[in-house]
Structures are given as structure tokens and as C-alpha cells.
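1. Output the structure for:
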Amino acid sequence: MAATKDQRKLLNRCVLNEIPVFVLTGTDKCAQAALRAYAEEARRLGCNTDFIDDLEGNVIPDFKSFQEQEPEKVKLPD
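-> The predicted model follows:
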């Protein structure tokens, strides 16, 4: 899980500064579709290519891999 460390830092910074944050987990059946839509919007808005490359090359594949390896843990969010 290549991007986990940076994601943890971001989450902690948001919590400490009371900034709204939305978390997707590998157990969320909707997560991959949400991440792909986010990557598409990031590209459309002109986000840094390194950011998009990390999202598409690390984050989304990490979710896909987890969901393929642990299908019994994947469910609709409640």
C-alpha cells in the first residue's frame, strides 16, 4: 500500500485542524468507482500529473488488489 503514509498524514492534519474529510476504505464496494471518478475530475480540472499518476498507479490498484484478495470483506457501506 504505497500511498498509505501520505494518506495518514493528510487525515491526521484534517482531524487536527477540524477540516472536513471523507474516507474510503478497501472494504467499501463503491470505493473503486468513486476513486476512478475522482481521478477523472482531477484530470479535467488540471491537477498535477504526479498526483493523478499516484492515484491511478498506486491508490486505485491498492484498492483493486485488496478487494480481489479479500472479497469476503468487501461490502456496501452502511
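
2. for the chain, what spans make up the helices?
-> Assigned by DSSP state H, the helices in the chain fall at 4-16, 31-45, 49-54, 60-69.

3. Any figure for the gap between the residue nearest to residue 39 when sequence neighbours are not counted and residue 71?
-> Excluding its sequence neighbours, the residue lying closest to residue 39 (Cβ to Cβ, 6 or more residues apart in numbering) is residue 55, at 5.0 Å. C-beta coordinates here come from the backbone N, C-alpha and C atoms, glycine included. Residue 55 sits 23 Å away from residue 71, taking Cβ to Cβ, to the nearest Å as the criterion.

4. between these two, who's got more neighbours?
-> Using other Cβ atoms under 10 Å, the more surrounded residue of residue 55 and residue 71 is residue 55, with 19 against 9.

5. what angle sits between the one helix or strand in the chain whose mean pLDDT sits lowest and helix 60-69?
-> Ranked by mean pLDDT, DSSP states H and E, the weakest helix or strand in the chain is helix 4-16, scoring a mean of 87. Interaxial angle, helix 4-16 versus helix 60-69 (axes from the mean of the first three to the mean of the last three Cα atoms, to 10 degrees): 100 degrees.

6. Relative to the whole chain's centre, how far out is helix 4-16?
-> Distance, stretch centre to chain centre, for helix 4-16: 12 Å (Cα atoms, centre = their mean, to the nearest Å).

7. same question, stretch 42-55
-> That offset, for stretch 42-55, works out to 13 Å (Cα atoms, centre = their mean).

8. So for it, what gets flagged as buried?
-> Within stretch 42-55, the residues that qualify as buried are 42, 52, 54, 55, counting by 16 or more other Cβ atoms under 10 Å.

9. possible to save the helices of the chain as JSON lines with distance to residue 23?
-> Shown next, in JSON lines, are the helices of the chain (distance: least, Cβ to Cβ, whole Å):
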{"stretch": "helix 4-16", "distance to residue 23": "7"}
{"stretch": "helix 31-45", "distance to residue 23": "10"}
{"stretch": "helix 49-54", "distance to residue 23": "17"}
{"stretch": "helix 60-69", "distance to residue 23": "12"}
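
10. Can you flag the weakest of those by average pLDDT?
-> Per-stretch mean pLDDT for the helices of the chain is lowest at helix 4-16 (a mean of 87).
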